[in-house]
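In: Sequence first, then the predicted structure, then my questions.
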Amino acid sequence: MNKLKDKVAIVTGASKGIGAGIARQLAADGAKVIVNYVSSKSGADKVVADIEAAGGKALAVAANVTNKTEVEALVKSAIEHFGRLDIVVNNSGIYQFARIEETTEALYRKQFDLNVLGPLLVAAAATPHLGKGSSIINISSFVTRVFIAESAIYSGTKGAIDAITGVLARELGPRGIRVNAVSPGLIETEGSHSAGAMGSDFQIWNEGQTPLGRIGQVQDVAPIVSYLASDDAGWVTGEVMLASGGMR
Ligand code: NDP
């Protein structure tokens with residue numbers, strides 16, 4: 001498939017989980033991909049090696065998306081190595097549930113910095129390089145539609161992302177830049193494993209509430225992001241698309 005031929009993408013947090021799946025999918029669909037990571041160099045290198053083995057082009061670039069200087073260098077790497085930038089996927093994120101009584105400044109700042117400030121800094125640095133036909137895709141979450149106890153801070157970050165998606169779609173639309181979000185349901189990833197969600201009552205509850213009767217895999221999300229990045233979605237902007245097996 002070549003629907004992203006000649007396009008260059010940055011995927012944040014692409015060393016594992018959903019981001020790694022998105023990077024592989026965009027490359028399989030013809031894009032050259034900057035595979036961002038913050039600590040897992042070996043994970044990012046493996047994603048790049050897999051893409052190259054399949055005949056694609058990719059480059060692993062370290063950057064903490066909460067740091068403006070590092071984000072600017074990340075964007076610069078796309079221009080320097082691949083000559084342009086067309087697709088930005090804001091995927092890096094963290095989820096740490098806690099009862100409301102356990103709210104701390106640290107818990108708030110950690111999640112809002114990575115999940116909200118990060119995508120804002122990346123969009124700010126990338127936008128001057130984006131032209132007509134390019135797009136930003138933010139990874140939100142089903143938690144903004146299905147309210148889950150003990151997720152006030154995390155759900156707050158993703159509610160902010162949904163609003164930011166709509167605002168940027170309005171702000172950047174006149175320049176031909178589309179901005180959309182994808183909101184996955186519970187997905188099996190390294191992150192959801194280490195958060196203890198896999199094999200838990202929360203997983204069982206999700207399966208019971210999901211019309212398609214199972215939790216998601218990375219491959220359930222990645223092709224949707226590729227579609228939104230492609231010219232096939234040229235009339236789609238400001239959309240927050242649930243990818244949750246029908247759970248809402
Ligand atoms: P993982 O924990 O598996 O992966 C997180 C990724 O983010 C890693 O690549 C990690 O890099 C990167 N990252 C962490 N901190 C930073 C940082 N400061 N700068 C740059 N990158 C960073 O997460 P998931 O794949 O599970 O989740 C990905 C996204 O999807 C998140 O936004 C999450 O909120 C959302 N989501 C996830 C769901 C799920 O059930 N898994 C459901 C709905 C939404 P490194 O490896 O180098 O540390």
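Out: Structure's in. What do you need? Since the model is a prediction, treat every value here as computed from it, not as a measurement.

In: Every contact and neighbour count from this point should use C-alpha atoms.
Out: Noted.

In: and the gap between the residue at the greatest distance from the centre of the chain and residue 150?
Out: The centre of the chain is farthest from one residue, residue 101, which by Cα atoms, centre = their mean lies 29.4 Å away. Per Cα to Cα, to the nearest Å, residue 101 is found 10 Å from residue 150.

In: Verify the contact between residue 115 and residue 93 for me.
Out: Yes: using Cα atoms under 8 Å, residue 115 is in contact with residue 93, at 5.1 Å.

In: Which one's more surrounded, those two?
Out: Using other Cα atoms under 10 Å, the more surrounded residue of residue 115 and residue 93 is residue 115, with 28 against 24.

In: where does this protein dip in pLDDT?
Out: The model of the chain has pLDDT under 70 over residues 1.

In: What parts of it come near the ligand?
Out: Residues of the chain lying close to the ligand (Cα under 6 Å from any ligand atom) are 12-19, 37-40, 63-66, 91-95, 114, 139-141, 184-192.

In: which of those count as buried?
Out: 12-19, 37-38, 63-66, 91-95, 114, 139-141, 184-189, 191 (16 or more other Cα atoms under 10 Å).

In: Okay, and which of those residues map to helices?
Out: With DSSP state H as the criterion, helices contain 17-19, 191 from among these.

In: Using TSV, lay out the residues you listed together with distance to residue 54.
Out: Output for those, formatted as TSV (distance: Cα to Cα, whole Å):
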residue	distance to residue 54
17	19
18	19
19	18
191	26
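
In: Pick out whichever of these sits closest to residue 247.
Out: Nearest to residue 247, judged by Cα to Cα, of these is residue 18 at 18.6 Å.

In: What distance do you get for the residue nearest to the closest one when sequence neighbours are not counted to residue 184?
Out: Spatial nearest neighbour of residue 18, chain neighbours left out: residue 218 (5.2 Å); criterion: Cα to Cα, 6 or more residues apart in numbering. The gap separating residue 218 from residue 184 is 9 Å, by Cα to Cα.

In: Now do the buried residues in the longest helix that the chain contains.
Out: Longest helix in the chain by number of residues (criterion: DSSP H): helix 152-172. By 16+ other Cα under 10 Å, the buried positions in helix 152-172 come out as 152-162, 164-166, 168-170, 172.

In: and the residue nearest to residue 18, how many neighbours does it have?
Out: Considering only other Cα under 10 Å, residue 218 is surrounded by 18 other residues.

In: hang on, isn't it packed against residue 185?
Out: No: with contact defined as Cα under 8 Å, residue 218 does not reach residue 185; the gap is 10.6 Å.

In: Send me stretch 219-226 as PDB with only the CA atoms.
Out: What follows is stretch 219-226, C-alpha atoms only, in PDB (Å, rounded to 0.1, in the frame of the first residue of the first chain):
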ATOM      1  CA  GLN A 219      -3.400  -3.300  15.200                       C
ATOM      2  CA  ASP A 220      -7.000  -2.200  16.000                       C
ATOM      3  CA  VAL A 221      -5.800   1.400  16.300                       C
ATOM      4  CA  ALA A 222      -2.900   1.900  13.900                       C
ATOM      5  CA  PRO A 223      -4.800   1.600  10.600                       C
ATOM      6  CA  ILE A 224      -7.300   4.300  11.800                       C
ATOM      7  CA  VAL A 225      -4.400   6.700  12.400                       C
ATOM      8  CA  SER A 226      -3.000   5.900   8.900                       C
END
